[in-house]
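>>> A structural model of the following input is requested.
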Amino acid sequence: MFRLRRRETAGRGLRKPHQNTDTHLIGHEPGSFSIHGTQCRVVASFQTDVGCVREVNEDRSRYVQPDPSDPRKGKGALFLIADGMGGHSAGEIASEMAANTVISCYYESELDPQLALKSAFREANRLIHEESRANEGLKGMGTTCTALVLRDGSAVSAHVGDSRIYLVRDNAIYVLTEDHSEVMEMVKRGLLTLDEARRHPDKNVILQALGSRPEVDVAIWDEPFPVRCGDKFIMCSDGLSDLVDDEQIRNEAAGRDPHTASEQLIALAKECGGYDNITVGVITVEPADERRVKETRETEVAR
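Numbering: from 1, shown residues only. Coordinates of the predicted model:
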């Protein structure tokens with residue numbers, strides 16, 4: 001099994017402001033790729049919701065599945081979640097910049113996928129940091145960013161902040177990212193349990209964000225992760241993971257198509273308080289010859 005590369009970060013944490021947000025729902029059609037010579041398809045649905053308290057949605061999500069004729073096809077499918085922070089509209093600007101920059105830089109890069117993702121994150125960090133310094137109204141803005149690429153039967157990832165990637169495999173759930181947060185550092189030092197960390201008053205203090213400093217340490221996996229047919233990846237902002245524990249996430253996602261699963265997970269987070277924006281992406285890998293799943297509709301609720 002692969003190991004995640006863990007990086008230590010010193011310095012004062014960034015506290016995510018408690019604001020309000022809106023609703024935006026996105027669904028996606030199936031795409032396909034090969035695993036060890038077997039054609040498989042990816043079915044994904046990403047949804048984001050304002051939650052029950054905030055007025056502005058600072059989360060952003062993206063899914064890029066190039067068509068077979070697209071020159072970018074060889075770079076695989078890219079999935080991304082960014083959770084912005086900063087005063088007024090700065091958080092949503094930071095997360096939008098991160099999403100757009102990571103996607104464009106990744107697909108333009110000639111590096112291998114893992115290094116291309118890492119380079120794309122660094123470029124996003126540079127642009128967001130420069131923009132925050134140039135515009136007084138955007139001072140201090142930043143964003144988490146977590147990206148997953150599926151390509152040629154394997155997965156790679158880059159990660160900064162406390163959004164997450166889960167894997168559901170053989171009815172078990174695994175967290176594939178490590179939160180860059182103050183409470184997670186306390187868990188690693190044995191000062192808190194994971195359950196205590198979930199309820200800790202400083203759980204929103206993060207130690208890494210794109211744009212907060214001139215340089216950023218991007219967490220990547222030591223090697224590509226082998227994907228199996230039947231795998232289900234769940235990506236989310238902390239609006240879900242802060243309120244819903246891992247086993248609940250697994251239970252809600254089990255046996256459901258991606259659109260329904262993401263919908264149910266958002267509903268559960270709102271039932272638990274929904275005090276933050278909630279973004280959830282559910283990605284399944286299945287044999288291409290299985291019965292086609294009903295086409296997912298794309299919906300956008302007007303702001």
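
>>> Which strand residues bridge Leu167?
Tyr174, Phe233 (DSSP bridges).

>>> count of neighbours near it?
19 (other Cβ atoms under 10 Å). Every C-beta, even on glycine, is put in place using the N, C-alpha and C of the backbone.

>>> what's the distance between it and Gly211?
28 Å (Cβ to Cβ, to the nearest Å).

>>> ok, now Val218?
13 Å.

>>> the helices in this protein, which residues?
90-108, 113-134, 182-188, 194-199, 238-241, 246-253, 258-271 (DSSP state H).

>>> for the residue nearest to Ala219 when sequence neighbours are not counted, which residues make a bridge with it?
Counting by Cβ to Cβ, 6 or more residues apart in numbering, the nearest residue to Ala219 once its immediate chain neighbours are dropped is His159, at 4.5 Å. In this structure, His159 bridges to Thr146, Ala219 when assessed by DSSP bridges.

>>> Hmm, His159 is touching Cys145, no?
Yes. Between His159 and Cys145 there is a contact at 7.5 Å, judged by Cβ atoms under 8 Å.

>>> Pick out whichever of those two has more residues nearby.
A count of neighbours by other Cβ under 10 Å puts Cys145 above the other of His159 and Cys145, at 34 against 27.

>>> Using CSV, write out every CA atom in stretch 271-286.
The C-alpha trace of stretch 271-286 is given here as CSV (Å, rounded to 0.1, in the frame of the first residue of the first chain):
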residue,chain,number,x,y,z
GLU,A,271,-29.2,17.8,9.4
CYS,A,272,-26.2,17.9,11.6
GLY,A,273,-26.1,21.7,11.6
GLY,A,274,-24.7,22.7,8.2
TYR,A,275,-22.9,25.7,9.6
ASP,A,276,-20.3,25.7,6.7
ASN,A,277,-20.5,25.4,2.9
ILE,A,278,-20.7,21.7,2.0
THR,A,279,-19.2,20.3,-1.2
VAL,A,280,-19.2,16.6,-2.0
GLY,A,281,-17.9,14.7,-5.0
VAL,A,282,-18.5,10.9,-5.4
ILE,A,283,-16.6,9.1,-8.1
THR,A,284,-17.1,5.4,-8.9
VAL,A,285,-15.0,3.2,-11.1
GLU,A,286,-16.9,0.3,-12.7
